[in-house]
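Engineer: give me a 3D structure for the following:
(one chain, ligands or ions: 1)
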Amino acid sequence: MGELKDRVRILGFACTVFGSVLLINGASPSLLIAQSKAGNPCAAKNPCAAKNPCAGKNPCAAKAVDPKLITRPAGTELVAGQQAELVKLGELLWKDTKLSTNGLSCETCHRGNASFSPSFAQPYPHPVAMVAEKAGLKQIHMDEMVQICMVVPMASKPLPWNSKELASLTAYVGRVQKGFAAEQTKKPAASNPCAPRNPCAPKNPCTPKK
Ligand code: HEC
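Structural biologist: Numbering: from 1, shown residues only. Okay, the predicted model is just below:
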């Protein structure tokens, strides 16, 4: 049902966009068709073409990732900077939906330490289920974890390895990790073995809100 609603919304949006094009141009339909062939950006990016608008958001949707895309190339290092400044910029990026192509931000899934598995409390590099499943890698570094979340749940591209953005997000993730690790030691997993840790269950952004 949620999917259907999304489709209807997207269709409505497409009509609005197309309608405004009509208004702006005031052109005859035949001219419009000619234009759409020539290079109307709305034609190429027809949002109605997307099969399931939710598929990209679902981190569990089966989609393999080229491990090279998320592995830091040998010899490259994150941009150095003042830690406090990086963390500050990283926090802004963490909440920025413009980083994704599906309207999500890192914060959407990870607010209040949601969607993290206990593995996150371990020092990097370490194994992560999503990474093994999507990219076939046995373990991952923190900056690379940012990159796989950019590619898979954010349905976007990895950030340039030498960008301030990647350095900042990674710095901020470091701070989030500290908070998460502290929270984990405060309430040991054993205290609530039933706590849902399945990232696909309750936090799935595609799950329709009642
Ligand atoms: C659609 C939801 C979603 C979005 C959006 C998302 N993530 Fe994640 N992220 C997950 C899930 C699910 C996991 C758990 C993966 C696992 O443990 O197998 C995860 C795990 C992580 C981890 C911890 C991995 C570990 O070491 O255990 C980090 C760090 C992370 N994400 C960073 C980010 C960043 C940075 C962004 C934004 C660029 C982001 N995430 C956006 C769903 C999301």
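
Engineer: residues near the closest residue to G136 other than its chain neighbours, how many?
Structural biologist: Closest residue to G136 apart from its sequence neighbours, by CB to CB, 6 or more residues apart in numbering: P67 at 6.0 Å. C-beta coordinates here come from the backbone N, C-alpha and C atoms, glycine included. Neighbours of P67 under the rule other CB atoms under 10 Å: 15.

Engineer: is P67 in contact with A135, as I believe?
Structural biologist: Yes: under the contact definition of CB atoms under 8 Å, P67 touches A135, with a separation of 4.4 Å.

Engineer: alongside the ligand, which residues does this structure contribute?
Structural biologist: Taking CB under 6 Å from any ligand atom as the measure of proximity, the chain contacts the ligand at 57, 59, 99, 104, 106, 108-110, 115-117, 119-120, 128-130, 145-146, 149-150, 153-154, 169, 173, 199, 205.

Engineer: list the contacts for the residue nearest to T97 when sequence neighbours are not counted?
Structural biologist: Taking CB to CB, 6+ apart as the measure, T97 lies nearest to S105, with 4.6 Å between them; neighbours along the chain are not counted. When the contact criterion is CB atoms under 8 Å, 6 or more residues apart in numbering, the partners of S105 are 94-97, 99.

Engineer: mind checking which of those are buried?
Structural biologist: With neighbours counted by 16 or more other CB atoms under 10 Å, the contacts of S105 contain buried members at 94, 99.

Engineer: if I look at the residue nearest to G136, how far off is A171?
Structural biologist: Taking CB to CB, to the nearest Å as the measure, P67 and A171 are separated by 24 Å.

Engineer: what about the residues of the chain next to the ligand, which are in helices?
Structural biologist: In this view, the residues of the chain next to the ligand that belong to helices under DSSP state H are 106, 108-110, 129-130, 145-146, 149-150, 169, 173.

Engineer: of all those, which comes closest to E85?
Structural biologist: Distance ranking of these against E85, using CB to CB, places L169 first at 13.2 Å.

Engineer: what's the pLDDT at that closest one?
Structural biologist: What the model reports for L169 is a pLDDT of 98.

Engineer: check contacts around it.
Structural biologist: Remark: with contacts taken as CB under 8 Å, 6+ apart, L169 is in contact with 90, 93-94, 106, 146, 159.

Engineer: then S163?
Structural biologist: When contacts are counted by CB under 8 Å, 6+ apart, S163 touches V79.

Engineer: OK, contacts around L99?
Structural biologist: Here L99 is in contact with 93, 105-106, 150, 154, 156 (criterion: CB under 8 Å, 6+ apart).

Engineer: please parse this protein into its domains.
Structural biologist: Per automatic domain parsing, the domain ranges recorded for the chain read 2-49, 67-189.
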